[in-house]
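Enquirer: Sequence first, predicted model second:
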Amino acid sequence: GEDVEQSLFLSVREGDSSVINCTYTDSSSTYLYWYKQEPGAGLQLLTYIFSNMDMKQDQRLTVLLNKKDKHLSLRIADTQTGDSAIYFCAEKGSGYSTLTFGKGTMLLVSP
Amino acid sequence: NAGVTQTPKFQVLKTGQSMTLQCAQDMNHNSMYWYRQDPGMGLRLIYYSASEGTTDKGEVPNGYNVSRLNKREFSLRLESAAPSQTSVYFCASSPGPGVDTGELFFGEGSRLTVL
């Protein structure tokens, strides 16, 4: 089956930029997503990118997609302690298909 | 707007007991899903219902059954709970085939412990 891989942990200082990386195997991916999970809560969609785009910016968030290498990244500018959470990368294949999630990257932001 | 509501939020069971996790959404979505989340394993799909009247197995369906009661409700049943089913269970919904970007809307989770 399809696979999504991401590093498990990232630690940054408040005010720095954070970059979370993800690789996927599905060559027919149509949408790629970043979800955020705060402690004790469900997942919330942060942003998504359509597979024919290579960049999407939304305030402090920048998503870069390299379709050739099947690599997705999420950059958070001016990271705050409130950004501490688990970030999940996910992809959706063509047609009706369920999302495949990575294992999640725990981001820890220290003051 | 409540979104996706799961009950119960917490449950402790003994091995062999049965229970049903309830999920309801008020967004008029066609598709609904049950995931489990375990440390180091990420989110794994148990069952899903692409539209009312249909259900399909996901990655880890063994030991579970589901019912799509109507468009709003999708329940997950453990017939004979095992310690390996200790997990956090998430229900999610999406607008459905052909009408959306695939974005999932998640509930807050149900934390189940099987002793």
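Expert: On my side now, so go ahead. Numbers count the residues shown, from 1 in each chain, chains lettered A, B, ... in the order given.

Enquirer: Assumed residue A:103 was part of a strand.
Expert: No - using DSSP: H, G, I helix; E, B strand; the rest coil, the secondary structure at residue A:103 is coil, not a strand.

Enquirer: Show the backbone phi and psi for the closest residue to it other than its chain neighbours.
Expert: Nearest residue to residue A:103, sequence neighbours excluded (CB to CB, 6 or more residues apart in numbering or on different chains): residue B:42, at 3.6 Å. Heads up, the C-betas are built off the backbone N, CA and C, glycines and all. When read as degrees, to the nearest 10, the backbone of residue B:42 gives phi 70, psi -150.

Enquirer: roughly how far apart are residue B:42 and residue B:52?
Expert: Separation of residue B:42 from residue B:52 (CB to CB, to the nearest Å): 28 Å.

Enquirer: And for residue B:73?
Expert: For residue B:73, the distance to residue B:52 - CB to CB - is 10 Å.

Enquirer: which parts of chain A sit against chain B?
Expert: Counting by CB under 8 Å from any CB of the partner chain, the residues of chain A close to chain B are A:1, A:8, A:30-31, A:33, A:40-45, A:48, A:50, A:88, A:92, A:95-99, A:101-104.

Enquirer: Which PyMOL command selects the buried ones in these?
Expert: If you want just the buried ones from these in PyMOL, going by 16 or more other CB atoms under 10 Å in any protein chain shown, the selection is:
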select buried, chain A and resi 30+31+33+42+43+45+48+88+92+97+98+99+101+102+103+104
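
Enquirer: out of the residues of chain A next to chain B, which are inside helices?
Expert: Taking DSSP state H, every one of those sits outside helices.

Enquirer: Filter the residues of chain A next to chain B down to the ones in strands?
Expert: If you go by DSSP state E, the residues of chain A next to chain B have A:31, A:33, A:43, A:44, A:45, A:48, A:50, A:88, A:92, A:99, A:101 in strands.

Enquirer: mind listing what residue A:55 touches?
Expert: A:49, A:62, A:63, A:64, A:65 (CB atoms under 8 Å, 6 or more residues apart in numbering or on different chains).
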